[in-house]
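Visitor: sharing a model prediction with you, sequence too.
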Amino acid sequence: DTAVSQTPKYLVTQMGNDKSIKCEQNLGHDTMYWYKQDSKKFLKIMFSYNNKELIINETVPNRFSPKSPDKAHLNLHINSLELGDSAVYFCASGTWDTQYFGPGTRLTVL
Amino acid sequence: AQSVTQPDIHITVSEGASLELRCNYSYGATPYLFWYVQSPGQGLQLLLKYFSGDTLVQGIKGFEAEFKRSQSSFNLRKPSVHWSDAAEYFCAVGASGNQFYFGTGTSLTVIP
């Protein structure tokens, strides 16, 4: 069984659209994260959720909103997509000292 | 402010040769340090971590890293590289408040 899964793996869309990326973990962790990896492989944390409560919110545009329907899921909603949003988005779960990453979602905005 | 620097963007080594990937950090308190590996098209996998105690830590896949406070470094080493080690390697520092700061990564190529 995959510990942390993300869907879709690839997402190609037009500017201005709204899209969502889903993430699920079956590890029983309380905290889940979203990271953005840009074209230069720079990895930056965007959000984390602990028991349905947002505990980190870096300087991310409010077009990005995490939604956690339950402890096992943390979905990422993006409104009014822009060219600069093109990146690979990774979901992760775990404790602060050990995180398990999903395979990533490559988002391309045209 | 916390930061992580990986000076080498890309390294090429021959299979069987030794490897050292450099990582320098900037953090005001005792750092929690990590090395992750990312294979092509995959997510990140934790190789090893340092919190306290012995400054030489062992990880998976034959990797080790040494914490040197005086040099603010946490370099990753492997005595003999295998072709399957070709990947992107990320150093990271964990800060209070459940935050993480990653370096920009070092891409490793292994030649036969």
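Guide: Yes, it's here.

Visitor: anything in the helix or strand of chain A with the lowest mean pLDDT near chain B?
Guide: The weakest-scoring helix or strand in chain A, judged by mean pLDDT, DSSP states H and E, is strand A:53-57 (a mean of 75). Yes. Strand A:53-57 reaches chain B (C-beta under 8 Å from any C-beta of the partner chain) through A:I55, A:I56. The C-beta positions use only the backbone N, C-alpha and C, and glycine is treated the same way.

Visitor: partners of that strand in the sheet?
Guide: strand A:43-50 (antiparallel) (DSSP bridges).

Visitor: contacts for the strand it pairs with?
Guide: Counting by C-beta atoms under 8 Å, 6 or more residues apart in numbering or on different chains, strand A:43-50 makes contact with A:30-38, A:54-58, A:60, A:64, A:66, A:68, A:74, A:76, A:90, B:44, B:90, B:98-100, B:102, B:105, all of which sit outside it.

Visitor: average pLDDT across it?
Guide: Taken as a whole, strand A:43-50 has a mean pLDDT of 87.

Visitor: the residue of chain A found nearest chain B and B:Q38: what is the separation?
Guide: Chain A approaches chain B most closely through A:F101 (3.4 Å), counting by C-beta to the nearest C-beta. Note on A:F101: its distance to B:Q38, by C-beta to C-beta, to the nearest Å, is 8 Å.

Visitor: if we can go back for a sec, list the contacts for the residue of chain A closest to chain B?
Guide: A:V4, A:Y35, A:F90, A:C91, A:A92, B:Y36, B:G43, B:L44, B:Q45.

Visitor: I appreciate the help and will end here.
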